[in-house]
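Participant: sequence and predicted structure are below.
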Amino acid sequence: MLDRAFLPSYRRCMLRSVSVLVLDELAVFEFGVLCEVFGLDRSDDGLPVLDWVVCGPEAGRPVTTKNGFTITPDRGLDALPGADLVCVAATALREFPPAALDALREARARGATILSVCSGVFVLGAAGLLSGRRCTVHWKHADELRATHPEALVEDDALYVDDGDLVTGAGTAAGIDACLHLVRRELGGAVANGIARRMVVPPQREGGQRQFVELPVPECTADSLAPLLAWLLEHLHAEHTVAALARRAAMSERTFARRFVEETGTTPHRWISAQRVLHARTLLEETELGMDAVAARAGFGTAALLRHHFRRALGVSPADYRSTFRCNRAVEPA
């Protein structure tokens, strides 16, 4: 249980009230995250209780969800702007009620902090709240967000982005990270850790969205280098130079380098590095090999080089990646 000495500092904090906007085609999980972090009474653990209001376009009118049932908010848009924190739940809509956008603009004008979870950021964009602002969204929606709101500064690798009075969370579970970050920022680490403990989640995760994105083997646009690339995938553990690869492809080094970029879209060095990281991911997920062994099999040579390339590519260390994604099925001795 938390020491109740933390409660007086909460009372001095600006975050006392939270309102959440729910619209049709509501994403239930993301809405549930907001409820879990901000809307539950955990005073039995010494945690502060926030004034919590759920607002829809009309009070008492059911809001549809993506899961075949409805949620009925007790309050309408008039209750949205007065809160210290205004949250926008994720929705599959891309056209939004003008009155809801007006309410968000009013909330911002009154000095509220605005938080969106996943696709809720599109509502903020439609309200004109993303101009020149750093933000994020689920990696599958990043290109759509850039195309729809080119004025926004989209960071598609981040789990969340804190841009002061605007906080945006990426897809699904990253909403937990965004909410707990905001709690930590406004109410302190003890409160954030207490909520995380009750939710049985890490109070803070490492890395960004890149560790969750599939990295397929790049396809060639022609057949000339396909045999060489297949051979490289079977020999990632070995050292490779452009000169040696050019000889194997029966080309001059200059022709080989140009053809490689034409067919793969990248240089030999970058392609090999990307495939080594991909292979290392598989080894970390499916084996119990030590880091030195993973580095050797993937072609990085040393654990230090593995960590360097892995963190640069995915934004997370090999050890943290393994702790998140290791499977229980395949086990090999180190």
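Facilitator: Looks like it arrived, so ask away.
Participant: immediately after whatever helix or strand His269 lives in, which helix or strand?
Facilitator: His269 is part of helix 268-286, with elements assigned from DSSP states H and E. Next helix or strand after helix 268-286 toward the C-terminus (DSSP H and E): helix 291-298.
Participant: show residues contacting the helix holding His269.
Facilitator: 215, 217-218, 229, 232-233, 236, 240, 242, 245, 256-257, 260, 264, 266, 289, 294-295, 297-300, 306, 309-310, 313-314, 318, 321-322, 325-327, 329-330 (Cβ atoms under 8 Å, 6 or more residues apart in numbering). Where you see a C-beta, it was placed from the backbone N, CA and C, and this is true even at glycine.
Participant: just the pLDDT for the most far-flung residue of the chain relative to its centre.
Facilitator: When distances are taken from the C-alpha mean of the chain, Ala250 lies farthest, 43.9 Å away, according to Cα atoms, centre = their mean. Note for Ala250: predicted pLDDT of 92.
Participant: helix, strand or coil for it?
Facilitator: Counting by DSSP: H, G, I helix; E, B strand; the rest coil, the backbone at Ala250 sits in coil.
Participant: what's the local residue count around the nearest residue to Asp292 once chain neighbours are set aside?
Facilitator: Residue nearest to Asp292 in three dimensions, not counting chain neighbours: Ala303, with 5.1 Å by Cβ to Cβ, 6 or more residues apart in numbering. For Ala303, the count of nearby residues is 18 (other Cβ atoms under 10 Å).
Participant: which residue ranges of this structure form helices?
Facilitator: Under the criterion DSSP state H, the chain contains helices at 6-11, 28-38, 98-109, 121-126, 142-148, 174-187, 189-199, 226-234, 242-248, 253-264, 268-286, 291-298, 303-314, 318-325.
Participant: dump those helices to TSV, plus distance to Asp163.
Facilitator: Listed next are those as TSV, based on distance: least, Cβ to Cβ, whole Å:
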stretch	distance to Asp163
helix 6-11	24
helix 28-38	19
helix 98-109	12
helix 121-126	11
helix 142-148	15
helix 174-187	12
helix 189-199	19
helix 226-234	41
helix 242-248	42
helix 253-264	36
helix 268-286	30
helix 291-298	36
helix 303-314	23
helix 318-325	25
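Participant: now do the end-to-end distance for stretch 150-169.
Facilitator: Taking Cα to Cα, to the nearest Å, the first and last residues of stretch 150-169 lie 18 Å apart.
Participant: ugh, wrong one, stretch 20-37
Facilitator: Termini of stretch 20-37 sit 12 Å apart (Cα to Cα).
Participant: can you give me the buried ones in that stretch?
Facilitator: Using 16 or more other Cβ atoms under 10 Å as the test for burial, stretch 20-37 gives 20-24, 26-27, 29-31, 33-34, 36-37.
Participant: and which of these is nearest Val191?
Facilitator: Using Cβ to Cβ, Val37 is the member of the buried residues of stretch 20-37 that sits closest to Val191, with 10.5 Å.
Participant: in the chain, where is pLDDT below threshold?
Facilitator: Counting by pLDDT under 70, the ranges of the chain that qualify are 1-14, 202-208, 210-223, 326-334.
Participant: the same query, at a cut-off of 50, please.
Facilitator: Counting by pLDDT under 50, the chain shows low-confidence ranges at 1-13, 328-334.
Participant: find the centremost residue of it, please.
Facilitator: Centre-most residue of the chain, counting by Cα atoms, centre = their mean: Leu159, 3.0 Å.
Participant: is it true that it touches Thr168?
Facilitator: No. Using Cβ atoms under 8 Å, Leu159 is not in contact with Thr168, being 10.3 Å away.
Participant: give me the common contacts of the two.
Facilitator: Shared contacts of Leu159 and Thr168, defined by Cβ under 8 Å, 6+ apart, comprise Thr136, Ala178.
Participant: would you mind measuring from Gly111 to Asp84?
Facilitator: As judged by Cβ to Cβ, to the nearest Å, Gly111 and Asp84 stand 9 Å apart.
Participant: between the two, which one's more packed in?
Facilitator: Each of Gly111 and Asp84 has its neighbours counted (other Cβ under 10 Å); Asp84 has more, 19 against 9.
Participant: what sits against the more buried one?
Facilitator: Contacts of Asp84 (Cβ under 8 Å, 6+ apart): Met14, Leu15, Arg16, Ser17, Val18, Ala112, Thr113.
Participant: count the neighbours of the second one for me.
Facilitator: Right, the one you point to is Leu15. Around Leu15 there are 19 residues (other Cβ under 10 Å).
Participant: just to revisit the earlier point, ok, so of the buried residues of stretch 20-37, who is nearest Val53?
Facilitator: For these, the nearest to Val53 is Val20 (7.4 Å; Cβ to Cβ).
Participant: spatially nearest residue to that closest one, not counting backbone neighbours?
Facilitator: In space, Val20 is closest to Cys87, 4.2 Å off (Cβ to Cβ, 6+ apart).
Participant: residue contacts, that neighbour?
Facilitator: Each residue near Cys87 by Cβ under 8 Å, 6+ apart is listed here: Val18, Ser19, Val20, Leu21, Leu34, Phe38, Ile114, Leu115, Ser116, Val117, Gly120.
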